[in-house]
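Q: sharing a model that was predicted from the sequence below.
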Amino acid sequence: MDQAERDQWIQDYYARRFAESDRLTTRSANGQIEFLRVQQLVSSRLRESSRVLDVGGATGVHARWLAADGHSVTLIDPVPEQVAAAATHIPDARALVGDARDLQVEDGSVDAVLLLGPLYHLQDRADRRRAWREAYRVLVPGGLVFGAGISRAAAALKIVLARSFHDLPANALLALLEDGTDVRAIPTEGFPGGHHHSAAELTDEAVAAGFTGVTTVGIEGPAGLGLEMLPPEDSLVSAGLTIADAATAAPPIADLSPHLLAIGTRPT
């Protein structure tokens, strides 16, 4: 499957099959932990009244709280239906159809860029580099980028736990772990993932695009996959947050988290 076919699959998946905001709010304890951890990791680093570009922002699950916190938010997403929903529900944010690889945004015009989806939907490193470089271009010197990836190790473990490995081609799991290759031979339904990262690779991509001071952390922490199977009860979410917060200080176990977040700065 080439990227053009995957892009069409993304359109169908997010417009008609899957509600991203539900995944982060009501579907599981892990989804709530991911949402709250991203909120914590981003908000603790933003200056007041920042200009934030939320690239791949879906229906605005993060744009909503960013706008409520007083930031000037522009959401960009490739799926028109998601953009329309964001525009309807978040009147304080701009919502535009667009592509992370070709942002229709002026150079040096924003203080922070969120890439919380595009990088793991782009299967080729060249396309991911374009997305990183576009984020770099639109940031002011000293601006921040937050780039999310899906962990190779966690993705492989999820396949094993779901017992969905029987229909995979030979050596598919090995390819996933070695270079992040999508493991489905004919991926025409379900999540349209394009690439899975290691923490080291995600860091390397940000550095190669010119960002400095890059650190990559696990978002949900090592308990994430287990909590994906449990309801969003307050006690579970609280315990999971405690584990995820503690794991932030232990970079070697970042790869055990379902999602990774690289945080970097455009140098002044």
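A: Everything's here; your move.

Q: may I have stretch 120-131 as PDB, with CA atoms only?
A: The C-alpha trace of stretch 120-131 is given here as PDB (Å, rounded to 0.1, in the frame of the first residue of the first chain):
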ATOM      1  CA  TYR A 120       2.400   7.500  12.600                       C
ATOM      2  CA  HIS A 121       0.200   7.700   9.600                       C
ATOM      3  CA  LEU A 122       3.100   8.500   7.300                       C
ATOM      4  CA  GLN A 123       4.900   5.300   6.200                       C
ATOM      5  CA  ASP A 124       7.900   6.800   4.500                       C
ATOM      6  CA  ARG A 125      10.700   8.600   6.400                       C
ATOM      7  CA  ALA A 126      10.800  11.300   3.700                       C
ATOM      8  CA  ASP A 127       7.200  12.200   4.300                       C
ATOM      9  CA  ARG A 128       7.700  12.300   8.100                       C
ATOM     10  CA  ARG A 129      10.700  14.500   7.500                       C
ATOM     11  CA  ARG A 130       8.500  16.900   5.500                       C
ATOM     12  CA  ALA A 131       6.100  17.100   8.400                       C
END
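
Q: so what touches that stretch?
A: Outside stretch 120-131, the residues that touch it by Cβ atoms under 8 Å, 6 or more residues apart in numbering are 1, 3, 6, 10, 55-56, 100-102, 115, 118-119, 148-150, 182, 192-197, 205, 208-209. For the C-beta atoms, the positions are set from N, CA and C on the backbone; glycine is no exception.

Q: and it, what's its mean pLDDT?
A: What stretch 120-131 shows for mean pLDDT is 95.

Q: from Ala209, how far off is the residue nearest in space to the middle of the chain?
A: In the chain, the C-alpha closest to the average C-alpha coordinate belongs to Leu116, at a distance of 2.8 Å (Cα atoms, centre = their mean). Here the criterion is Cβ to Cβ, to the nearest Å. By it, Leu116 lies 16 Å from Ala209.

Q: likewise His89?
A: In terms of Cβ to Cβ, His89 sits 32 Å off from Ala209.

Q: which of the two has more residues huddled nearby?
A: Ala209 (22 against 15; other Cβ atoms under 10 Å).

Q: I'd assumed Leu139 was in contact with the more buried one.
A: No. Applying Cβ atoms under 8 Å as the test, Ala209 and Leu139 come out as separate, 10.7 Å apart.
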